[in-house]
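Undergrad: below: sequence and its predicted model.
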Amino acid sequence: MSEKGLVHIVDDEEPIRRSLDFLLRTSGFEVAKWPDGETFLKGVARDEPACVLLDVRMPGMDGLEVQVILAERGIALPVVVLTGHGDITTAVRAMRAGAVDFLEKPFNRDRLLQALDTGFTQLAERKSQLEREEWAKVKIAGLTEREREVLDGLACGYPNKTIAYDLGISSRTVEVYRANVMTKLEVTNFADVLRVAFAAKMGSEEDWRAAHRSS
């Protein structure tokens, strides 16, 4: 793959695909071209990082439908919507559904490259977030079940007394577990404890209530 990444062009107009292909390849991108939404959805790789230039108006399945199906399948590729004159309302709907940007034909080269830069930045940030989440889960896996429960309560924002009451232990015992958590996570302040917990998606008050306040 090129240094700048892969871009999927999904557009039923062959001249548009050819023009975008030339522009993107000369700008350092790798390109995959698709003549319609159905073909794209059948061929796109779920786990390959890429951005999508997606035409709104296509025969058969339109761009908004493609966008919805991508989300339903968990294919989290940043989408830049391509619109013709008068499609602004549709483009706004696509933006609300998570599109990075919309571009009106004919395209401005700088605007197109800027939109793709935004999309690839999103991909990089998403990858970094997933890596932090995995790292945090590995760290938390070294805790005992009770230590994880105490950490979860702290991430919910509960004071020691509340955690102690809900877990049926003393406040002093909660303090001991809290100290153990800090030692095992190799952190020296409470803010860092919370960063690890939040990275691992801990701290749901709804889940806490369901687990510890069912009575």
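TA: Sure thing, it's come through.
Undergrad: is it correct that residue 8 is in contact with residue 52?
TA: Yes: counting by C-beta atoms under 8 Å, residue 52 is a contact partner of residue 8 at 4.6 Å. Every C-beta, even on glycine, is put in place using the N, C-alpha and C of the backbone.
Undergrad: mind checking which of those two has more residues around it?
TA: residue 52 (27 against 21; other C-beta atoms under 10 Å).
Undergrad: still on that earlier bit, hey, what's in contact with both of residue 8 and residue 52?
TA: Between them, residue 8 and residue 52 share these contacting residues under C-beta atoms under 8 Å, 6 or more residues apart in numbering: 40, 77.
Undergrad: domain assignment for this protein?
TA: 6-129, 142-212 (automatic domain parsing).
Undergrad: tell me where the model's unsure across this structure.
TA: Residue ranges of the chain with pLDDT under 70: 1-3, 85-88, 214-215.
Undergrad: what ranges do the helices span in it?
TA: Using DSSP state H, the helices found in the chain span residues 14-26, 37-43, 63-72, 88-96, 109-140, 145-155, 160-167, 171-185, 190-199, 205-212.
Undergrad: most neighbours per residue, which of the ones you listed?
TA: Most buried of those, by mean neighbour count (mean count of other C-beta atoms under 10 Å): helix 145-155, with a mean of 20.
Undergrad: pull the residues that contact it.
TA: Taking C-beta under 8 Å, 6+ apart as the rule, helix 145-155 contacts 140, 143, 162-163, 166-167, 174, 177-178, 180-181, 184, 190, 193-194, 197-198, 202-203, 207-208, 212.
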